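Engineer: What would the 3D arrangement of this be:
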Amino acid sequence: MDLVLNFQDWPTFAEGRLSSRCLISQIEVHGFIQRCLTAVGAKPHHARSLADVLVEGDCRGHYSHGLNRLDMYVKDIQTEICAVDGEPVVEKESAATALVDGKNLLGPVVGNFCMNLAIAKAREVGIGWVVAHGSNHFGIAGYYAMQALKENMIGMSFTNTSPLVVPTRGKERTLGTNPLSIAAPAKGGDSFVLDTATSTVALGKVELNDRRGEPIPDGWGCDPHGKITTDPKRVLTGGGLVPIGGSEATGGYKGYGLGMMVEVFCGILAGAQYSKYIRTWKVTDHVANLGQCFVAVNPENFAPGFNARMSDLLSIQRDQNPADPGSPVLAAGDPERINMKKCEEMGGIPYHINVIKYMNGYAKKIGVNQLLPCDKIVSI
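Structural biologist: The predicted model follows:
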């Protein structure tokens, strides 16, 4: 079965068909990603930042935003459309806010800088709200929101993306998948972690199905004529994704509105590119100049007992009798914890063999000889 366990589709390891996977340790994947990036000119510490995010994505079950994305980052550096020199710079700030120029660096480099700054401000004044322009794709949004959990704070992160989503009643792709993440701490290390695109799914999930030669579920995307399709190629070649909710009749306008909200926080507030002005997905004819937003909130500045109430809120959901006795009610973040625990028990991350073969072939083309191992096959 697939290991994509997220808030949008919650399979468990006990469900689905058996398939063969390459089991690879986190250390091996992390090193491979770093080697590929430094081979094309990335600074070692920038390469580590990206490797951290991609491996975290895979461990959490978000395979569409992990190793599967490596070739995109490498291409951005190879074409020199993404910078490798310098560090993000604060252009304007107050006690609680900051505007950052990402200097066109790798997205995780910008994201880490901004989230650390937001957390530092929240320690001082209770909240930190940092927006950035001049950034690039930064991996899973949840990676940055979760940094606040380490400080017992609420974290939020948002980013705009290339236009891939057709708005309600429209035909043109004028919004990105525009993901958002909110992480809130509870007692004993527990937490609520919502990490979701504002489209029905992220494009990477469609790409994964296309790479595997599998159809996509009904309602993920539309063809060039705006008709719902299960053919991933039709979505990737002229079609588009649909907002959360799907059609207007089923509440798609809500996902459309959330996508617009992310655009307000990111492209508009940061003075970055936005909507149809952002470059086409994976086209490197000009810089991305993505807008991103990072927020940290210290609950200590508000009503006492936040963690206890948060734990109670989670328990109310989880402890109810489920509609299906075999499928307990979960809260956002639970599927990812299940996935991480399973990876720990297995001693590595189980990747689809086609993904490993593709990435190893790509690595050879850029002069990387120490490839990912394919000698440990598991059926899950």
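Engineer: quick one, helices of the stretch 1-150 of the chain?
Structural biologist: All helices of the stretch 1-150 of the chain, identified by DSSP state H, counting those that start in this stretch, fall at 26-39, 44-59, 70-78, 107-125, 142-145.
Engineer: The first one to helix 44-59, inter-axis angle?
Structural biologist: What separates the directions of helix 26-39 and helix 44-59 is an angle of 140 degrees, with axes from the mean of the first three to the mean of the last three CA atoms, to 10 degrees.
Engineer: ok, and what's touching helix 26-39?
Structural biologist: With CB atoms under 8 Å, 6 or more residues apart in numbering as the test, helix 26-39 has contacts from 44, 46-48, 50-52, 54-55, 58-59, 67, 70, 73-74, 77, 343, 348-349, 359, 362-363, 366-368, 370-373. Yep, even glycine has a C-beta here, placed from its N, CA and C like the rest.
Engineer: thinking again about what came up before, of all the helices of the stretch 1-150 of the chain, which one is nearest Arg337?
Structural biologist: Of all these, it is helix 44-59 that lies closest to Arg337, at 10.4 Å by CB to CB.
Engineer: what packs against the closest one?
Structural biologist: helix 26-39, helix 107-125, helix 142-145, helix 334-346, strand 349-352 (3 or more CB pairs under 8 Å, 6 or more residues apart in numbering; DSSP states H and E).
Engineer: tell me the mean pLDDT for the fourth one?
Structural biologist: Per-residue pLDDT values across helix 334-346 average out to 96.
Engineer: how far is that helix from where the chain is centred?
Structural biologist: Centroid separation for helix 334-346 versus its chain: 17 Å, with CA atoms, centre = their mean, to the nearest Å.
Engineer: now swap in the first one and tell me
Structural biologist: The gap between where helix 26-39 is centred and where its chain is centred comes out at 19 Å by CA atoms, centre = their mean.
Engineer: which residues sit in contact with Gly255?
Structural biologist: So Gly255 contacts Thr198, Ser199, Thr200, Val242, Pro243, Ile244, Gly245 (CB under 8 Å, 6+ apart).
Engineer: of the contacts of helix 26-39, buried ones?
Structural biologist: Buried members of the contacts of helix 26-39, scored by 16 or more other CB atoms under 10 Å, are 46-48, 50-52, 54-55, 58-59, 67, 70, 73-74, 77, 343, 348-349, 359, 363, 366, 368, 371-372.
Engineer: Mind jotting down where the helices sit in the stretch 251-380 of the chain?
Structural biologist: Using DSSP H, counting those that start in this stretch, helices in the stretch 251-380 of the chain cover 252-263, 269-270, 306-318, 334-346, 353-365.
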